[in-house]
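>>> return atomic coordinates for the entry below.
(chains A and B)
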Amino acid sequence: MFLLSLLQKGEELYGLMATGRKDFLWRSVVHLGGLSLQLKDAEELLGINTLTVASEETTTGHGVWDGEDSSTPGEEERTYLCSSSKPNCSLCCFGGTGTRHNTHVRLWFICFSSIHPSFFSSPAMKAALLIQRWYRQYVARLEMRRRCTWNIFQSIEYAGEQDQIKLYNFFGYLMDHFTPASRSLISHIFRENDVVRDTEWERYFCYKSIEVPDGYHGPHLTFPMTFCEASKLVEAFKHKQLLHARYVLQLLGEAWKLLRILPNINYVSTCHSKEITICGDLHGQLEDLLLVFYKNGLPSPEKPYVWNGDFVDRGKSSMEILLILFAFLLVYPNGVHLNRGNHEDHIVNLRYGFTKEVLGKYRVHGKKILKLLQKIFSWLPLATVIDGKVLVVHGGISDTTDLNIIARMERHKYVSALRPPKRSHPSASSNRRSLHHTEEGEEKNHQGTRVDRRWEACSPANRVPGPGSGSRHSVQRRSIHGVSTMSRRSEAVEEELRRRRQQAGLSQSLNELRRLVSSSSSSSDDDASDSEPQTPDDDEWKQMVDILWSDPMAQDGCEPNQVRGGGCYWGPDVTEEVLGRHHLQLLIRSHECKQDGYEFCHNRRVLTIFSASNYYEVGSNRGAYIRMGPDLVPHLNQYQSSQTCRTLTLRQSVGRTERSALCALREQLFAHKSDLLAAFQQYDPNNTGVISLKHWASAMEGVLKLGLPWRVLRSQLGTSTQDGRLDYREWIQELVFTEPKPEVHSLSNANILETMYRNHSNLETIFRIIDTDHSGLLSFEEFRQTWKLLSSHLKTEIDDEAIADLALSIDFNKDGSIDINEFMEAFRLVALTAHP
Amino acid sequence: MADDQERAGETMVSEVHKRIHNAFQVFDHDLNKTVDVREIGAIVRSLGCFPTEAELLDVIDEVEEPTGLICFERFLPTMSKILMEHKFPPIPEDMLLTAFEVLDQQKKGYMEPDELTNYMRQGDEPFTQQEMEEMLSSAVDSDSNVVYYKDFVSMMILDGER
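Below you'll find the model as predicted:
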């Protein structure tokens, strides 16, 4: 009877609780009946362990008895607060009073019948549901942030790659147009020097004359390479030792000899070994390689490995990684397989840090080592095929990918994948070109709209054209697909052209045509691109670029990869077609960083594997490797190097990566300050100093072209708004960075400064190209030439006097030459304040 | 007057549309106005909504294509309605704190990891192992190995306001 009335009350109470009003819980208790029980019986009934005493003074919070006192006078009242600890118990919080000695309690409690569990949900359950709901929202917000951060890093990374290609195209253009001043500086990067035969090169690279000093504490290698020697090398690098240049050259020399006899495509079988291990990009991150060895074991005939390119650049230990991989390659030529990646390319290395690393570690012999590596990279195989069924390449494929062509080509001709094939004079029509968009490429594409139209024309139908900006790809990007004609040339370059043509007379263009028609050219020194013995083929070149630079996309079709500037975006239909054509069942590739270290796509027919963990920042992503047996089912293993990041919570790792990305983004903003200001002012004709958020976002995208969601990022970029409007002048002021060298502040020409920041990488690349002897030093004249080149490339005028001033002010050693590293360091942006 | 109101109304609608578009774009990898259905939860929640898993499934039912993708054209009206009607309102901080206090039956001011796990891993929409581990990794105080939920709530709310 009592229970029945309780049930009725309970329904009432449930209704009240559902509205979330917590105070009702306790007040209603007063109205419920009570039951006098012995304490121990109560405990048993309710399944509780203890009845705790609550303070009578407590008035805040729930669970406090703040209802009427209904005890009989004379009894000492105590308030008991407790609830059942049985998880699924239908009893919930209640209160009670008891006698002094706690032997008896009169309990007022709420009992929710278990007859209707769906109707009566215990407060604990409801509370839990609320917490779950709230926590999931929290995690979703974190995921949004993480995704945004990722997009930032990726956009900046790919924009950098585009820049690189733009720069290289520019050089190609210069080469074509006979500008003697620039040519003399940069022609050597186009020169093959293959007139010299390999045996002569071997003499040049000979290590024998190099003495190892007594003071050297690094590892001593003996040849032929053995497993012990190779593991010794691993141990040495673990202890951060440096291998002496003599051994480096010796090891690389041996590797070079071996690579020259390997085919373009390695055919591997799993029948002898049980499982094969496949790793993706390492990018100079030695810790990751060591972690893989730790988890998976060192290479052996029973434990074969495939490394899928991008061993170098960005990380600090590219050299060590190469040495380890080559050492094991020498020990187990049948158990270690290396594929070339787009970063196994000396031009790319100039920009992304490998060249710098080598020159820094090997001051005396660095140049020689780099030259040898240049050859080695060109001799790296292009693909690996496992059991005739699984294709492993670094980038990917395109609709024209043909393994037969790839197998037949002379891969070492393509020292750099960026290296364009023999160029035709723009005025001469060429029928040798088989690349996409050649005709459109020759249009003057300075507006960018033509490029957009061309790109949109070949997009699949379901691509919705974005309004103006917003699409990550719809920007003017030069690619290595089209001919590098430039619409606007700087005055200086034009002038040179005219002069040169005048000097040479009309026969100049005739010579050009003759060269086109003839299949191979003699080793004339006039035109650097003539000096290689064989003519690179357009078809072959495209095959190679596609293999090294392409990325998969979700929708069908095949389009030029405008974001990176090379290779294609290929769709699931292309995967099916190409795999089918070659009787393959799986494509394994790398090239793109993935948060979990790997990702399937195209109905699990394409697997991306990425082995550089924490690539963007500590905690940004895991690395992974594949183990695959004769069943050819890929088994993924993930890891994340560094002690600290493993203990980072989701929140902390997102936060950290985010801060890093935002810093990188702010650098970009700072470098484009004047352009941004101009863009903002366009939306503010009355000069009020404020613009709407919508306009701010448009301006940002218009200038930076990173395809980022600016409105979502707004609050994190330190912009506060009022009524949806933003004070842009104030905001720009707040983008403060400082330079490490105070002398730089004194430079009056702000224009140069900003150009410097914006073209940091380009400048460094040009410097290193010009610094032919890899001394790390430039003369003033070379420095000036660099700027001339850059200004021509950027199609802006840079004042000669300003350059001279700059040169003087950064000659930090006052010895008439400029140290490249010091110079770059002086203009590295350092955030002044840590933004939250 | 009515015109102004109308215009204000329109602006609000377009603001809402913009917000939805921005959130959608973050997960739209190929910029082709579609996202994977598994991302919808993150998108809806990042727009400030607090649906339960069941409510989310209802939303997905409304907008999912047979391909397992979700197009922006279908998503936009549904999501706009949700936002305009405040369908899944946020949970205020004090309500959240109350919820923890209800679970902390002994009123200790903290919870044992097992205690919390017990609650979170049951009911209609229990946490997965991964969700539980993630929550514990940020919630558990490393010295005392318990969850001081008041601090935990404050910290998370602060994060949310960023």
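
>>> how about the biggest helix by length in chain B, does it reach chain A?
Ranked by number of residues, the top helix in chain B under DSSP state H is helix B:2-27. Yes: applying Cβ under 8 Å from any Cβ of the partner chain, one finds helix B:2-27 touching chain A at B:Glu15, B:Lys18, B:Arg19, B:Asn22, B:Ala23, B:Gln25, B:Val26, B:Phe27. (Glycine included, C-beta is placed from N, CA and C.)

>>> show me what contacts whatever residue of the stretch 151-300 of chain A ends up closest to chain B?
Closest contact between the stretch 151-300 of chain A and chain B, by Cβ to the nearest Cβ, is at A:Asn151 (6.8 Å). Counting by Cβ atoms under 8 Å, 6 or more residues apart in numbering or on different chains, A:Asn151 touches A:Gly707, A:Leu708, A:Pro709, B:Val26.

>>> cool, A:Thr649 as well?
For A:Thr649, the contacting residues are B:Glu134, B:Ser137, B:Ser138, by Cβ under 8 Å, 6+ apart.

>>> now, the residues you listed that are in strands?
Among these, no member is found in strands (DSSP state E).

>>> show me which of those are buried.
B:Glu134, B:Ser138 (16 or more other Cβ atoms under 10 Å in any protein chain shown).

>>> picking that back up, for ChimeraX, write a command that selects the buried ones of the residues of helix B:2-27 next to chain A.
Restricted to buried positions by 16+ other Cβ under 10 Å, the ChimeraX selection for the residues of helix B:2-27 next to chain A reads:
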select /B:19,22,23,25,26,27
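
>>> of the residues of helix B:2-27 next to chain A, just say which sits nearest to B:Pro92.
B:Arg19 (21.4 Å; Cβ to Cβ).

>>> show me where pLDDT drops low in chain B?
B:1-5, B:7, B:159-162 (pLDDT under 70).

>>> what's the burial count for the closest residue to chain B within the stretch 101-250 of chain A?
At 3.3 Å from chain B, A:Ala140 is the closest residue in the stretch 101-250 of chain A, using Cβ to the nearest Cβ. Look at A:Ala140: counted by other Cβ atoms under 10 Å in any protein chain shown, it has 22 neighbours.

>>> in this structure it contacts B:Arg45, no?
Yes: taking contacts as Cβ atoms under 8 Å, A:Ala140 lies within contact range of B:Arg45: 3.3 Å.

>>> middle-most residue in chain B, spatially?
Geometric centre of chain B, nearest residue: B:Arg45, 3.4 Å, by Cα atoms, centre = their mean.

>>> contacts only, for A:Arg133.
B:Phe50, B:Pro51, B:Thr52, B:Ile91, B:Glu125.

>>> which element is it on?
Following DSSP states H and E, one finds A:Arg133 within helix A:123-176.

>>> picking that back up, pretty sure the residue nearest to the centre of chain B sits against A:Tyr135.
No: checked against Cβ under 8 Å, the pair B:Arg45 and A:Tyr135 is beyond contact range at 10.6 Å.

>>> closest to A:Met824 among the residues of helix B:2-27 next to chain A?
Nearest to A:Met824 among the residues of helix B:2-27 next to chain A, with distances taken as Cβ to Cβ, is B:Val26, at 33.6 Å.

>>> who touches the closest one in this structure?
Applying Cβ under 8 Å, 6+ apart, the residues near B:Val26 are A:Met144, A:Arg147, A:Cys148, A:Asn151, A:Pro709, A:Val712, B:Ile43, B:Ser46.

>>> skip the chain neighbours and tell me the closest residue to the last one.
It stands for B:Ser46. In this structure, B:Ser46 finds its nearest non-sequential neighbour in A:Met144, 3.9 Å apart by Cβ to Cβ, 6 or more residues apart in numbering or on different chains.

>>> pull the contacting residues for the one you found.
A:Val712, B:Ala23, B:Val26, B:Ala42, B:Ile43, B:Ser46.

>>> need the per-residue pLDDT for it.
Looking at A:Met144, its pLDDT reads 84.

>>> what's the answer for A:Leu174, then?
64.

>>> still on that earlier bit, gap between the residue of the stretch 151-300 of chain A closest to chain B and B:Asn22?
12 Å (Cβ to Cβ, to the nearest Å).

>>> who touches both of these two?
Taking Cβ under 8 Å, 6+ apart as the criterion, A:Asn151 and B:Asn22 both touch A:Pro709.

>>> out of the contacts of A:Arg133, which touch chain A?
B:Phe50, B:Pro51, B:Thr52, B:Ile91, B:Glu125.

>>> just the buried ones from the residues you listed?
B:Phe50, B:Pro51, B:Thr52, B:Ile91.

>>> run through the helices of the stretch 151-300 of chain A in chain order.
Along the stretch 151-300 of chain A, counting by DSSP state H, counting those that start in this stretch, helices occupy A:180-186, A:198-204, A:227-238, A:245-260, A:286-296.

>>> just checking, what packs against the third one?
On a contact count with 3 or more Cβ pairs under 8 Å, 6 or more residues apart in numbering or on different chains; DSSP states H and E, helix A:227-238 meets helix A:286-296, helix A:318-331.

>>> and A:Leu789, how many neighbours?
26.

>>> please disregard the earlier target; I meant A:Ser674.
If you count neighbours by other Cβ under 10 Å, A:Ser674 ends up with 15.

>>> so how far is A:Lys375 from the closest residue to A:Asp345 other than its chain neighbours?
Computed as Cβ to Cβ, 6+ apart, the closest residue to A:Asp345 that is not its neighbour in sequence is A:Ser416, at 4.9 Å. Distance from A:Ser416 to A:Lys375, counting by Cβ to Cβ: 12 Å.

>>> keeping just the C-alphas, turn stretch A:627-636 into CSV.
Coordinates of each C-alpha in stretch A:627-636 appear next as CSV, following Å, rounded to 0.1, in the frame of the first residue of the first chain:
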residue,chain,number,x,y,z
ARG,A,627,52.5,-6.0,-42.9
MET,A,628,51.3,-8.2,-45.7
GLY,A,629,51.5,-11.9,-46.2
PRO,A,630,50.8,-14.2,-49.2
ASP,A,631,47.1,-13.5,-48.8
LEU,A,632,47.9,-9.9,-49.7
VAL,A,633,45.7,-8.6,-47.0
PRO,A,634,47.2,-5.4,-45.5
HIS,A,635,47.6,-5.3,-41.7
LEU,A,636,48.2,-1.9,-40.3
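
>>> what are the contacting residues of that stretch?
A:270-271, A:274-278, A:296, A:386-387, A:389-390, A:585-586, A:588, A:597-598, A:607, A:624-626, A:637.

>>> now with 7 Å?
A:270-271, A:274-278, A:386-387, A:389-390, A:585-586, A:598, A:607, A:624, A:626, A:637 (Cβ atoms under 7 Å, 6 or more residues apart in numbering or on different chains).

>>> report the buried members of these.
In those, the ones that pass as buried (16+ other Cβ under 10 Å) are A:270, A:275-278, A:386-387, A:390, A:586, A:598, A:607, A:624, A:626, A:637.

>>> need those in JSON lines (columns: pLDDT).
Conversion of these to JSON lines gives the following (pLDDT from 0 to 100):
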{"residue": "A:Thr270", "pLDDT": "86"}
{"residue": "A:Glu275", "pLDDT": "90"}
{"residue": "A:Ile276", "pLDDT": "94"}
{"residue": "A:Thr277", "pLDDT": "96"}
{"residue": "A:Ile278", "pLDDT": "97"}
{"residue": "A:Ile386", "pLDDT": "95"}
{"residue": "A:Asp387", "pLDDT": "92"}
{"residue": "A:Val390", "pLDDT": "96"}
{"residue": "A:Leu586", "pLDDT": "97"}
{"residue": "A:Tyr598", "pLDDT": "95"}
{"residue": "A:Leu607", "pLDDT": "97"}
{"residue": "A:Ala624", "pLDDT": "96"}
{"residue": "A:Ile626", "pLDDT": "96"}
{"residue": "A:Asn637", "pLDDT": "93"}
